[in-house]
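Student: only the shape, not the letters, is given here:
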Ligand code: GDP
């Protein structure tokens, strides 16, 4: 039997031990699995308490079962859910019993969702949203994924694709007429009007998005500057917990160099570039390699200085990033009168802040400004429909096709029709209706097992 036709099972709830664990079974043998282990099939969608037994009649667990006959199920196939006690032993016993059934096997990552997708239960944008919802760390990520899961982008894309195909049909009809030496402008004109309107809608959608697809990865802020100015002290303060070793000697910051913050629902990664230094330790090397590549892609750099150290550039950060000047240790200014509060700060491209990381002065202003930067960066939440780079790229491809169609319309209707085909195919790929297997494989492989 082809693996696609086999019946699959997996733990769909979190890691054991837990109070309850949910094991899902999907495929043509889901019913047979229920009969084998529960001695019968419960009423559809009715929670039913059953003593599960293996094929030797040994008890497995006192469980609750749910039976969803296809196609009215999450995957579109027959689905059985076993709500068992969440210990490793119970789970192992149930898995062993399921594995004894021929053509029943453990699921691959994302295989339930892939089956749902293949059975038309959701389009690819919704499948991606489901994965994003499962991985959402912050409230904004959750809300964006949920909006996508409601199919808003998919609905638009389906409508656009339908209208493109209609316009294409009009133009192709025009081509047929032109073979007879007579191109009726009344066929082409409405098609081009549709294309113009569509292009405007897609451009508006793209423009309204900010960088919503980046919400999955979050914003990267690099703390940079000369040694000993208080970068690690600042990152500690931002994380509100001890994450880096703060030392009075330059160059001793090691260990954790990244902290994840949730600023007003936006995911923000702050990197302490002082912690990025070469090391022989292979474990540390991996952390350093990651931090280095993250710093190279930073969206914002906090360039920290103090009264003594003002110069020096850090090549590690992204040259295109916005730079904010942060003048630290202002508590010392008033004590020894070195520079005086309100001292001149190195000009940055952006805002300037005066703080005392040691005393927590000026930090809340900095955090508020970071939150505002994030809000600006990701764009307005209400309009955000684009959840992934893949989706944005395909919308751009669609718009490009429409633009080229309008450009060539006067010169050759075959070319215009061909551009419309390109545009509708891009939307087809967005929805996952036209695609090569390996792209689908890649997308679903990133999912969790049991989803
Ligand atoms: P880094 O090398 O830039 O990461 O600097 P550290 O965070 O390790 O700080 C260097 C030294 O400056 C430590 O002794 C800190 O306690 C001290 N320091 C950090 N921030 C302040 C501040 O706002 N005021 C004063 N007076 N000292 C600070």
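Tutor: Arrived safely, thanks for sending. Being a predicted model, the structure only gives us computed values, none of them experimental.

Student: thought residue 326 was touching residue 230, still the case?
Tutor: No: with contact defined as C-beta atoms under 8 Å, residue 230 does not reach residue 326; the gap is 9.0 Å. (Glycine included, C-beta is placed from N, CA and C.)

Student: these two - which one has more neighbours?
Tutor: More crowded of residue 230 and residue 326, by other C-beta atoms under 10 Å: residue 326, with 29 against 24.

Student: so where does that one fall, helix or strand?
Tutor: If you go by DSSP states H and E, residue 326 is part of strand 322-327.

Student: give the contact list for residue 379.
Tutor: Neighbouring residues of residue 379 by C-beta atoms under 8 Å, 6 or more residues apart in numbering: 208, 209, 210, 211, 212.

Student: and the gap between it and residue 295?
Tutor: Taking C-beta to C-beta, to the nearest Å as the measure, residue 379 falls 24 Å from residue 295.

Student: then residue 67?
Tutor: Residue 67 sits 53 Å away from residue 295, going by C-beta to C-beta.

Student: and the residue of the stretch 251-400 of the chain found nearest the ligand, how far from residue 370?
Tutor: In the stretch 251-400 of the chain, the residue that lies nearest the ligand is residue 358 (3.3 Å; C-beta to the nearest ligand atom). According to C-beta to C-beta, residue 358 and residue 370 sit 20 Å apart.

Student: same check on residue 223?
Tutor: Distance of residue 223 to residue 370, given as C-beta to C-beta: 11 Å.

Student: okay, these two: which has more neighbours?
Tutor: residue 223 (30 against 22).

Student: are we agreed that that one is in a helix?
Tutor: No: going by DSSP: H, G, I helix; E, B strand; the rest coil, the assignment for residue 223 is strand, not a helix.

Student: list the contacts of it.
Tutor: Applying C-beta under 8 Å, 6+ apart, we find residue 223 in contact with 231, 234, 235, 270, 271, 272, 273, 274, 301, 302, 304.

Student: overlap between the residues you listed and the residues near the ligand?
Tutor: Of the residues in those, proximity to the ligand by C-beta under 6 Å from any ligand atom holds for 231, 274.

Student: circling back to that earlier point, so which of residue 67 and residue 295 has more stuff around it?
Tutor: residue 295 (26 against 22).

Student: tell me if I'm right that the more buried one and residue 319 touch.
Tutor: No: shown here, residue 295 and residue 319 do not form a contact pair, counting by C-beta under 8 Å, at 11.6 Å.

Student: thinking again about what came up before, between residue 230 and residue 326, which contacts overlap?
Tutor: With C-beta under 8 Å, 6+ apart as the test, residue 230 and residue 326 both reach residue 304.

Student: quick one: the helices in the stretch 251-400 of the chain?
Tutor: Along the stretch 251-400 of the chain, counting by DSSP state H, counting those that start in this stretch, helices occupy 282-296, 330-336, 363-378, 389-408.

Student: deepest in the core, which of these is it.
Tutor: Highest mean neighbour count of the helices of the stretch 251-400 of the chain: helix 389-408, a mean of 19 (counted as mean count of other C-beta atoms under 10 Å).

Student: and it, what does it pack onto?
Tutor: In terms of contacts (3 or more C-beta pairs under 8 Å, 6 or more residues apart in numbering; DSSP states H and E), helix 389-408 is packed against helix 124-135, helix 152-179, helix 185-208, helix 413-431.

Student: tell me which residues are up against it.
Tutor: 125, 128, 153, 160, 164, 192, 195-196, 198-199, 202-203, 205-206, 209, 213, 386, 415-416, 419-420, 422-424, 426-427, 429-430.

Student: now it and helix 185-208, what's the angle there?
Tutor: Orientation note: helix 389-408 sits at an angle of 150 degrees relative to helix 185-208 (axes from the mean of the first three to the mean of the last three C-alpha atoms, to 10 degrees).

Student: could you give the angle of helix 389-408 to helix 124-135?
Tutor: Between helix 389-408 and helix 124-135, the angle comes out at 150 degrees (the same axes, to 10 degrees).

Student: please begin residue numbering at 856 from this point
Tutor: Noted, 856 is the first residue going forward, which turns the last one into helix 1244-1263.

Student: give me the mean pLDDT for helix 1244-1263.
Tutor: Confidence over helix 1244-1263 (mean pLDDT, whole number) is 94.

Student: give me the angle between that helix and helix 1268-1286.
Tutor: Relative orientation of helix 1244-1263 versus helix 1268-1286 (the same axes, to 10 degrees): 170 degrees.

Student: figure out how far helix 1244-1263 is from the centre of its chain.
Tutor: 23 Å (C-alpha atoms, centre = their mean, to the nearest Å).

Student: could you do stretch 930-945 as well?
Tutor: Relative to its chain's centre, stretch 930-945 lies at 27 Å (C-alpha atoms, centre = their mean).

Student: what are the buried residues along that stretch?
Tutor: Within stretch 930-945, the residues scored as buried using 16 or more other C-beta atoms under 10 Å are 930-941, 945.

Student: please apply the same query to stretch 963-977.
Tutor: Judged by neighbour count using 16+ other C-beta under 10 Å, the buried positions of stretch 963-977 are 963, 964, 965, 966, 967, 968, 969, 970, 971, 972, 976, 977.

Student: separation between residue 1206 and residue 1217?
Tutor: Distance, residue 1206 to residue 1217, using C-beta to C-beta: 12 Å.

Student: and residue 950, by the same measure?
Tutor: Distance of residue 950 to residue 1217, given as C-beta to C-beta: 56 Å.

Student: state the mean pLDDT of stretch 977-989.
Tutor: What stretch 977-989 shows for mean pLDDT is 92.

Student: report the distance from that stretch to the chain centre.
Tutor: 9 Å.
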